[in-house]
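Colleague: Sequence first, predicted coordinates after that:
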Amino acid sequence: MSAKLLKGAEVAKEIRAELKAEVERLKEKHGVVPGLVTILVGENPASQSYVRAKQQTAHELGFYSVQDNQPVDLNENKLLELIDMYNKDPKIHGILVQLPLPKHINEHKVLLAIDPSKDVDAFHPVNVGKLMIGEPDYLPCTPAGIQELLIRSGTEISGAEVVVVGRSNIVGKPIAMMLLQKAKGANATVTVVHTRTKDVQFHTKRADIVIAAAGVAEYVKGDMIKPGAVVIDVGVNEVGRTADGKRILKGDVAFNEAVEIASAITPVPGGVGPMTITMLMKNTVRACKVHNNIKD
Ligand code: GUN
């Protein structure tokens, strides 16, 4: 038996059509345009490709979008000044600083400098804290995309045993926090496994939903999954290049094995990735409405 494919690319397209209509309505009814700036420091090829995709989507949806490319040796204070400038710019509602940053820049200090009301990544400690107490203004993009995919695919989350593989601040910790909330699309029993977990397979094998966000290509093998489980693969691991220089990507799940055992699984690419970008756009539309005091 082959698992159903949870095609994030298709769901993301639906949500983007809804967002595009909302952007048009905001323009016509309120005379406002959502504004997003993406700041990229340096020339990391993966980051360049992510930022390009974010800018292209923003453009397609009719946003005011700014791509701010800065040299790899940009001084930390200069970056903080730049963020301050965008914090004060009324045309900009969402500020995204692409991670990772070069080593000489303190990432925590940079994330703290972003106005929490413009923090469309939801990485600022204020937004992380609000998420933890179940009162979020913005949901972090990848976890929000995962939750939306689970809901739209009809997966029963309430009461489910969810095992999250990986404890990053960007995915593992926030998705665990979101799915355990007493809320719609949540109420799961959540376990987080990580590099110091004694027996990872013991946990993944009893999970109704496995969320693989370890950052290791094909880490979750078929025999680590319970038959009929739903598998969400967050991994984007570059394992090589094609002859014409294109990146060859593999997820954190051994797809060919898992697809025979799971009831549903996200492909890589075309699964979680497109959902992440779409949730960023959703947050930016929300930020635009908050900043313009629009309640409808
Ligand atoms: N680097 C990898 N993922 C992300 C993300 O979601 N946001 C930002 N800003 N940087 C990233």
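Modeller: Okay, I see it. Numbering: from 1, shown residues only.

Colleague: burial count for whichever residue of the stretch 51-200 of the chain sits closest to the ligand?
Modeller: Closest to the ligand within the stretch 51-200 of the chain is residue 99: 3.7 Å, counting by Cβ to the nearest ligand atom. C-beta here means a position set from N, CA and C on the backbone, and glycine is covered the same way. Neighbours of residue 99 under the rule other Cβ atoms under 10 Å: 16.

Colleague: tell me, how many neighbours does the closest residue to it other than its chain neighbours end up with?
Modeller: Among residues not flanking residue 99 along the chain, residue 107 sits closest, at 6.6 Å (Cβ to Cβ, 6 or more residues apart in numbering). As a burial measure, residue 107 scores 15 neighbours (other Cβ under 10 Å).

Colleague: Contacts only, for residue 107.
Modeller: If you count contacts by Cβ atoms under 8 Å, 6 or more residues apart in numbering, residue 107 has them with 99, 100, 101.

Colleague: Secondary structure and pLDDT added to the residues you listed, as JSON lines?
Modeller: Below are those laid out as JSON lines (DSSP: H, G, I helix; E, B strand; the rest coil; pLDDT from 0 to 100):
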{"residue": "99", "secondary structure": "coil", "pLDDT": "96"}
{"residue": "100", "secondary structure": "coil", "pLDDT": "96"}
{"residue": "101", "secondary structure": "coil", "pLDDT": "98"}
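
Colleague: Please enumerate the helices of this protein.
Modeller: Under the criterion DSSP state H, the chain contains helices at 8-25, 45-60, 76-88, 107-113, 125-132, 141-152, 172-180, 200-204, 255-258, 272-291.

Colleague: Average the pLDDT values over the fourth one and round to the nearest integer.
Modeller: Spelled out, that is helix 107-113. The average pLDDT for helix 107-113 rounds to 98.

Colleague: Just give me the residue closest to the centre of the chain.
Modeller: In the chain, the centroid-proximal residue (Cα atoms, centre = their mean) is residue 142; its distance is 1.8 Å.

Colleague: Give me the number of neighbouring residues for the closest residue to that residue other than its chain neighbours.
Modeller: The shortest distance from residue 142 to any non-neighbouring residue, by Cβ to Cβ, 6+ apart, is to residue 276 (4.6 Å). Using other Cβ under 10 Å, residue 276 has 24 neighbouring residues.

Colleague: Could you do residue 175 as well?
Modeller: Counted with other Cβ under 10 Å, residues neighbouring residue 175 total 29.

Colleague: list the contacts for it?
Modeller: Contacts for residue 175 (Cβ under 8 Å, 6+ apart) come out as 142, 143, 146, 147, 164, 211, 213.

Colleague: Out of these, the closest to residue 203 would be?
Modeller: Nearest to residue 203, judged by Cβ to Cβ, of the contacts of residue 175 is residue 164 at 9.6 Å.

Colleague: residues in contact with the closest one?
Modeller: Shown in contact with residue 164 (Cβ under 8 Å, 6+ apart): 172, 175, 176, 190, 191, 192, 193, 211, 213.

Colleague: If we use 10 Å, what do you get?
Modeller: If you count contacts by Cβ atoms under 10 Å, 6 or more residues apart in numbering, residue 164 has them with 143, 146, 171-177, 179, 188, 190-194, 203-204, 207, 209-214, 232, 234.
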